[in-house]
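Enquirer: 3D model of this:
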Amino acid sequence: MTPSSNPIERSFELAAAACDDLTPSVYRRLFREHPEAQAMFRTEGGEPVKGSMLQLTIEAILDFAGERRGHFRLIESEVFSHDAYGTPRELFVAFFAVIADSLREILGEQWTTEIDAAWHKLLGDIEAAIVLQQKHLVDGRP
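Expert: As a prediction, this is how the structure comes out:
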């Protein structure tokens, strides 16, 4: 298998080779950095929800960082779903950084400056898209 030329995709490929399941690492970090998030998940039976949520988020990230065939729109629609759950927008955005930080930790020295720069740009772009979406709602524009 040829490594991806997309640094975001490559970071996930490298993590997949080093780690069977990102879910525990991502959610440990999320709950450590944002303890208020833990109360938003069921204590029993919540593991499949966490795994599914992370899988959908990764698919959206890869699409947002790549060809933008439509999965990235999931980010925009999930903002509204999470608003309904009472999730603060800041926490919603922070989840993407938690994923990046988890990957950085797993990859160690394989986390290159190219991957780091791509993740910084991606996180800024995601936050900007969410802010723009909110602005359009306030202004009454689609």
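
Enquirer: ok, then the element right after the least confident helix or strand in the chain by mean pLDDT?
Expert: Lowest by mean pLDDT, DSSP states H and E among the helices and strands of the chain is helix 73-85, with a mean of 76. Per DSSP states H and E, the first helix or strand lying C-terminal to helix 73-85 is helix 89-107.

Enquirer: who does that next one touch, helix- and strand-wise?
Expert: helix 7-18, helix 23-33, helix 47-65, helix 73-85, helix 113-139 (3 or more Cβ pairs under 8 Å, 6 or more residues apart in numbering; DSSP states H and E). Using the backbone N, CA and C atoms, a C-beta is placed for each residue, glycine as well.

Enquirer: distance between the last one and the chain's centre?
Expert: Its chain's C-alpha centre and that of helix 113-139 lie 12 Å apart, by Cα atoms, centre = their mean, to the nearest Å.

Enquirer: now do the buried residues in stretch 15-23.
Expert: Buried residues in stretch 15-23, defined by neighbour count with 16 or more other Cβ atoms under 10 Å: Ala15, Cys19, Leu22, Thr23.

Enquirer: now swap in stretch 51-70 and tell me
Expert: For stretch 51-70, by 16+ other Cβ under 10 Å, it's Gly51, Met53, Leu54, Thr57, Ile58, Ala60, Ile61, Leu62, Asp63, Phe64, Ala65.

Enquirer: so where's this structure uncertain?
Expert: Scanning the chain for pLDDT under 70 picks out 1-3, 42-46, 70-73, 133-142.

Enquirer: quick check: the two most widely separated of the buried residues of stretch 15-23?
Expert: Spanning the widest gap among these are Ala15 and Thr23, at 11.8 Å by Cβ to Cβ.

Enquirer: what separation do you get for the residue nearest the centre of the chain and Ala65?
Expert: Centroid-nearest residue in the chain, with Cα atoms, centre = their mean: Phe96, separated by 3.1 Å. Remark: distance between Phe96 and Ala65 (Cβ to Cβ, to the nearest Å) = 11 Å.

Enquirer: thanks again, I'm all set now.
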